[in-house]
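S.K.: When you get a sec, could you give me coordinates for this:
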Amino acid sequence: MRLRSWKFRLYPSRQQENRLGNYLEACKDLWNSLLEHSRKHHQETGKFPTRNQLNALTKGTPLFSQVAQNAADRLAKSMRGMVARKRAGMKAGFPRFKPIERMKSFTYPQSGFKLDKCLVLSGMGGIPIRKHREINGKIKTLTVKKSPSGKWFAIFTSEVEKEVRNRNNGGAAGIDLGIEHFAYLSDGETIENPRHLKRAEEKLADAQRRLSRKKKGGKNRKRAKYTVAITYEKLANRRRDFLHKTSRKLVEKYSFIAMEDLNTARMAKGFLAKSVLDCGWAEFSGMLAYKAEEAGCEVVLVNPANTTSECSNCGSVRKKSLAERWHECACGASMHRDLNAAINILNRATAGHAGSNASGEETSTQKWASVFYEEGSPAMVKFRRTSPDISAEMRI
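M.R.: Modelled structure (predicted):
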């Protein structure tokens, strides 16, 4: 069994929208009161309250009981995560008190809702929903979310059985993600970088400039804030649409895909941070992984060290500057540096090459997402990650 998410747009009436807004307000008040209780409890006892103790404090709120308990569970989870990060020597701040702008959703973990021609929520009646596709499997949870632009969405989580998939008949490809090209494939194919942020920068700057000039609390500022939210939403939608279409095309064309296990969080702290984040490499890798599972394709993440500086023909290593866009080697190899890297990535993901785990030796850091073929053998469809903390070489 596996979990899948289904997102649908809601179209509440003005009265229903006010009720939904009041629900978010009540969730915000509950979160802040529980957080204040947790701070005082820690000052007095040196310990944080348990999940059960927080759940006991949710009684008497105007929220549906399970929605209130879910808010308490989220706070308990935040505090556990903070403690775990501090014990691991990482930087971790205390959970924040939330204004209404930061409370964006509430969740029904089991009951309190019903989906038919419209979405029926406890205490709110039926809300029109655009159900553009059927939900597979048994619905487990519902999250109602408000976007910064004021749109409402229903996000269902369902439990579905893993489908039996035959391996597709595509070839193998190594993918080198970059900024000059979004991706360079080992067979020479390139995927151009659409540079969504660069195209929207002028509109964003203008919208944010207009917002900064408006008086706080005024109607004009509200309208300017809405314009900024819509501009960002369109940018995010264009980027997500590109990533979805590209990942779908790749998993249908190839049966084996090798990629670098890039540490995008670390790369996003460098001088190319804006360009790295605009590409959405982490989101693209996730999309590729779950779509490969359904398409009969295998995705392998490999050690990214020296994929650019190593020659794919003879294996010699020579460091290159970012400005050096062509790979030339004494052995006679001559090609684009990203093509050379893509070939190296594919080689590492093949059994018998250094830096690969394709020979079958499992490590504690591997993550598998497997399906089974009709033949009955364990899946050749795997999402494999090795060495997640390796520092990736910065490339464009």
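S.K.: Checking Thr107 next. Helix, strand or coil?
M.R.: With DSSP: H, G, I helix; E, B strand; the rest coil as the basis, the three-state label of Thr107 is strand.
S.K.: oh, I was asking about Gly126
M.R.: Looking at Gly126 with three-state DSSP, the answer is strand.
S.K.: quick one: the helices in the stretch 1-150 of the chain?
M.R.: Listed in chain order, the helices of the stretch 1-150 of the chain (DSSP state H, counting those that start in this stretch) span 14-45, 51-56, 65-87.
S.K.: Relative to Val228, which of those is closest?
M.R.: With C-beta to C-beta, the closest approach to Val228 among the helices of the stretch 1-150 of the chain belongs to helix 14-45: 20.0 Å. No exception for glycine: its C-beta is placed from N, CA and C like everyone else's.
S.K.: for Ser158, phi and psi?
M.R.: Main-chain dihedrals, Ser158, degrees, to the nearest 10: phi -120, psi 160.
S.K.: Surely it and Lys138 touch.
M.R.: Yes - with contact defined as C-beta atoms under 8 Å, Ser158 and Lys138 form a contacting pair (6.0 Å).
S.K.: could you give the mean pLDDT of whichever helix or strand Tyr226 is part of?
M.R.: Tyr226 belongs to helix 219-253 when elements are defined using DSSP states H and E. Across helix 219-253, pLDDT averages out at 94.
S.K.: One more: stretch 183-199?
M.R.: Computed over stretch 183-199, the average pLDDT equals 93.
S.K.: circling back: tell me which helix or strand comes right after the helix holding Tyr226.
M.R.: Using DSSP H and E, the next helix or strand after helix 219-253 towards the C-terminus is strand 254-260.
S.K.: what mean pLDDT does the next helix or strand after that following strand have?
M.R.: Using DSSP H and E, the helix or strand that follows strand 254-260 towards the C-terminus is helix 264-267. Per-residue pLDDT values across helix 264-267 average out to 84.
S.K.: mind checking how far helix 264-267 is from the chain centre?
M.R.: Relative to the mean C-alpha coordinate of its chain, helix 264-267 is positioned 14 Å out (C-alpha atoms, centre = their mean, to the nearest Å).
S.K.: Least confident secondary structure element in this protein?
M.R.: For the chain, using mean pLDDT, DSSP states H and E, the weakest element among its helices and strands is strand 383-384, scoring a mean of 43.
S.K.: about what we covered before: export the helices of the stretch 1-150 of the chain to a markdown table and tack on distance to Ile257 and mean pLDDT?
M.R.: Written out in a markdown table, the entries for the helices of the stretch 1-150 of the chain read as follows (distance: least, C-beta to C-beta, whole Å; pLDDT from 0 to 100):
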| stretch | distance to Ile257 | mean pLDDT |
| --- | --- | --- |
| helix 14-45 | 41 | 94 |
| helix 51-56 | 40 | 92 |
| helix 65-87 | 32 | 93 |
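S.K.: Just list the residues touching Ala72, thanks.
M.R.: When the contact criterion is C-beta atoms under 8 Å, 6 or more residues apart in numbering, the partners of Ala72 are Leu30, Leu34, Arg51, Leu54, Asn55, Leu57, Thr58.
S.K.: run the last query once more with 6 Å
M.R.: When contacts are counted by C-beta atoms under 6 Å, 6 or more residues apart in numbering, Ala72 touches Leu34, Leu54, Asn55, Thr58.
S.K.: before we move on, what about Cys118?
M.R.: Contacts for Cys118 (C-beta under 6 Å, 6+ apart) come out as Gly126, Ile127, Pro128, Ile129.
S.K.: if I pick the nearest residue to Val67 once chain neighbours are set aside, what's in contact with it?
M.R.: Using C-beta to C-beta, 6 or more residues apart in numbering and skipping the chain neighbours, the partner closest in space to Val67 is Phe106 (5.2 Å). Contacts here follow C-beta under 6 Å, 6+ apart; on that basis Phe106 touches Tyr23, Cys27, Val67, Val144.
S.K.: can we see that at 8 Å?
M.R.: Residues in contact with Phe106, defined by C-beta under 8 Å, 6+ apart, are Tyr23, Leu24, Cys27, Leu63, Val67, Asn70, Ala71, Thr143, Val144.
S.K.: And the furthest pair within the residues you listed?
M.R.: Spatially, the most separated pair among those is Leu63 and Thr143, at 14.2 Å (C-beta to C-beta).
S.K.: and these two? which has more neighbours close in?
M.R.: Residue environment comparison for Leu63 versus Thr143 gives the larger neighbour count to Leu63, 22 against 18, counting by other C-beta atoms under 10 Å.
S.K.: The more buried one reaches Tyr23, doesn't it?
M.R.: Yes - when contacts are counted by C-beta under 8 Å, Leu63 is listed as touching Tyr23 (6.7 Å).
S.K.: And Asn263, how close does it get to Lys225?
M.R.: Shown here: Asn263 relative to Lys225, a distance of 34 Å by C-beta to C-beta, to the nearest Å.
S.K.: was I right about Glu294 contacting Lys162?
M.R.: No - taking contact to mean C-beta under 8 Å, the distance of 9.4 Å between Glu294 and Lys162 leaves them out of contact.
S.K.: contacting residues around the most centrally placed residue in the chain?
M.R.: The residue at the geometric middle of the chain, judged as the C-alpha nearest the mean C-alpha position with C-alpha atoms, centre = their mean, is Glu283 (4.8 Å). Glu283 makes contact with Arg240, Leu243, according to C-beta under 8 Å, 6+ apart.
S.K.: Show me the strands in the stretch 51-200 of the chain, by range?
M.R.: In order along the chain, the stretch 51-200 of the chain carries the following strands (DSSP state E, counting those that start in this stretch): 105-108, 113-115, 118-121, 125-130, 138-146, 152-160, 171-177, 181-185, 190-192.
S.K.: Would you give the sheet partners of the second one, along with the direction of each?
M.R.: What it means is strand 113-115. Sheet pairing here is set by DSSP bridges, and for strand 113-115 it gives strand 118-121 (antiparallel).
S.K.: mind checking how far the residue nearest to Val67 is from Ala292?
M.R.: Taking C-beta to C-beta, one finds Phe106 at 33 Å from Ala292.
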